[in-house]
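Chemist: One predicted model, sequence on top.
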Amino acid sequence: MTANQPEITVERLSVNYDGHHALRNINFSFQSGQLVGIIGPNGAGKSTLIKAILGLEKFVGKIEICGKSIKEMRKKISYVPQRSAIDFDFPVVVEDVVLMGRYAFVPWYKKVGVKDKEIARAALEKVGMTDFAKRQIGQLSGGQQQRVFIARAIAQQADIFFLDEPFVGIDATSEEIIVNLLRQLQQDGKTIFVVHHDLSKVEKYFDQLMLLNQELVGVGKVADVYKPELLSQAYKGSITLFGSNDKIMVVNS
């Protein structure tokens, strides 16, 4: 990436389903090392946006990663889907889940090598899940499962991470652990996008914010986007800020 070149650029991105606009004319760019929250009401297109960037949804528009196409840079992008999209009954243990992050680098005619296994073990250690390496993935708590899938993304050695609702269904302690992991990745220069629904924690968790409701209502620093007038526009209702912790109540009209 050349100096001052955005790590990720999205221009005029739109996604349509049977004539319905899931996303319309989305434009943004971010430099590396950002922790970005993606917020908006249900059905706003948050998951659709990251799937389009990943090449998992058909779209019109332009997406560039370090000035290159998604196809050219796919190995540099990792994805942690919603837990509801994962089959936790599948008979696979934790260390094998993490090792999947190396598959893109191994030719089909070769087995995973010693170096790949070392990278996977280091990723497990980074998320504090080494002691669970032989445990079946479905036997873990929700927070532990999320840490394992973050370890898989780390093992991929990606530069851009997309996490879709990573805090749903996990306890407060696990949430704090995961947030700290994301901040460590950010300090390592990674760019991280998180689809998030708890507005009361937006200021605490993120540096940058995307406020979405099929169209991009606001994008930029949290202080510039996390405003009652923009939130009201996105959520189609009145917004009340209250309490010392800057909690938000959304009241639909």
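Modeler: Cool, the structure landed.
Chemist: Could you list the low-pLDDT ranges of the stretch 1-150 of the chain?
Modeler: Applying pLDDT under 70 to the stretch 1-150 of the chain picks out residues 1-5, 84-88, 107-109.
Chemist: rerun that using 50 as the cut-off
Modeler: Applying pLDDT under 50 to the stretch 1-150 of the chain flags residues 3.
Chemist: so where do the strands sit in it?
Modeler: With DSSP state E, counting those that start in this stretch as the criterion, the stretch 1-150 of the chain has strands at 8-17, 20-30, 35-39, 60-65, 77-80.
Chemist: Give me the helices and strands touching the third one, please.
Modeler: Counting by 3 or more C-beta pairs under 8 Å, 6 or more residues apart in numbering; DSSP states H and E, the packing neighbours recorded for strand 35-39 are helix 46-53, helix 172-187, strand 191-195, helix 202-205, strand 208-213. Using the backbone N, CA and C atoms, a C-beta is placed for each residue, glycine as well.
Chemist: could I get those as CSV with mean neighbour count and distance to residue 7?
Modeler: Listed next are these as CSV, based on neighbours: other C-beta atoms under 10 Å; distance: least, C-beta to C-beta, whole Å:
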stretch, mean neighbour count, distance to residue 7
helix 46-53, 22, 12
helix 172-187, 16, 12
strand 191-195, 24, 5
helix 202-205, 16, 20
strand 208-213, 22, 12
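Chemist: thinking again about what came up before, ok, which of the strands of the stretch 1-150 of the chain comes nearest residue 117?
Modeler: Across those, residue 117 has its closest neighbour in strand 77-80 (18.5 Å, C-beta to C-beta).
Chemist: Who does the residue nearest to residue 27 when sequence neighbours are not counted form a beta bridge with?
Modeler: Nearest-residue entry for residue 27: residue 11, 5.6 Å, with adjacent residues in sequence omitted and distances by C-beta to C-beta, 6 or more residues apart in numbering. Counting by DSSP bridges, residue 11 is bridged to residue 62.
Chemist: The one 5 residues further on now?
Modeler: As for beta bridges, residue 16 partners with residue 21 under DSSP bridges.
Chemist: Look up how far residue 25 lies from it.
Modeler: Residue 16 sits 12 Å away from residue 25, going by C-beta to C-beta, to the nearest Å.
Chemist: cool, residue 71 as well?
Modeler: Residue 71 is 23 Å from residue 25, by C-beta to C-beta.
Chemist: neighbour-wise, which of the two wins?
Modeler: Higher neighbour count among residue 71 and residue 25: residue 25, with 14 against 8, using other C-beta atoms under 10 Å.
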